[in-house]
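S.K.: Give me coordinates for this.
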Amino acid sequence: MPYCSQCGNQVDNADVYCARCGVRQPIAAPPAGDPFNSISARTASILCYVPGIGWIGSIIVLASERFRTNQTVRFHAFQGLYLFVAWLIEDWVLTPFFRSIPHMHADPIVKAALLFMSIFMIVKASHEERYSLPIIGELAEKSVSEH
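M.R.: Sure, this is the predicted structure:
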């Protein structure tokens, strides 16, 4: 139970004024809540696969207290992070490699495959399905089981 800010008299949380001295009591700020309280698990899972920015959603979901025990959402967050790493490998390693080989046009195929995987996983997450991609999904499963 709080006390009056002026005279120290015990006041109730709902009291606007102190009963003893009549001083207006400061309004207590509501406790800071998790900003993900209004977002559904399905939406959080979908956000993890948005190409280019899904890694941000994945990190926020993994750090969120609300989804700490939701294994499916955490799986999608880890898999979204690993899919982003695949995008980075394609961009930083495979693209320069393919450019160094004349008449090798595999780079657009790899990019299209990664884009297809991202869209495919957005659809799977929107249907609340836990689909495991090859290699990436296995890593995500291990990451979820370790925490």
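S.K.: contacts, neighbours, all on C-alpha from now
M.R.: Noted.
S.K.: any idea which helix or strand carries the spatially most central residue of the chain?
M.R.: Computing the C-alpha centroid of the chain and ranking residues by C-alpha atoms, centre = their mean puts residue 61 first, at 2.2 Å. Following DSSP states H and E, one finds residue 61 within helix 54-63.
S.K.: can you list contacts of that helix?
M.R.: Identification of contacts with helix 54-63 by C-alpha atoms under 8 Å, 6 or more residues apart in numbering yields 44, 47-49, 67-68, 73-74, 76-78, 80-81, 84.
S.K.: Check which residues of it are buried.
M.R.: By 16 or more other C-alpha atoms under 10 Å, the buried positions in helix 54-63 come out as 54-62.
S.K.: Mind checking which of the contacts of helix 54-63 land in strands?
M.R.: Taking DSSP state E, every one of the contacts of helix 54-63 sits outside strands.
S.K.: Give me the below-cutoff pLDDT ranges for the chain.
M.R.: 1, 28-36, 147 (pLDDT under 70).
S.K.: can you list the domain ranges for it.
M.R.: 1-30, 35-146 (automatic domain parsing).
S.K.: want to throw the buried residues of helix 54-63 into TSV with distance to residue 137?
M.R.: Below are the buried residues of helix 54-63 laid out as TSV (distance: C-alpha to C-alpha, whole Å):
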residue	distance to residue 137
54	16
55	15
56	19
57	18
58	14
59	17
60	19
61	17
62	16
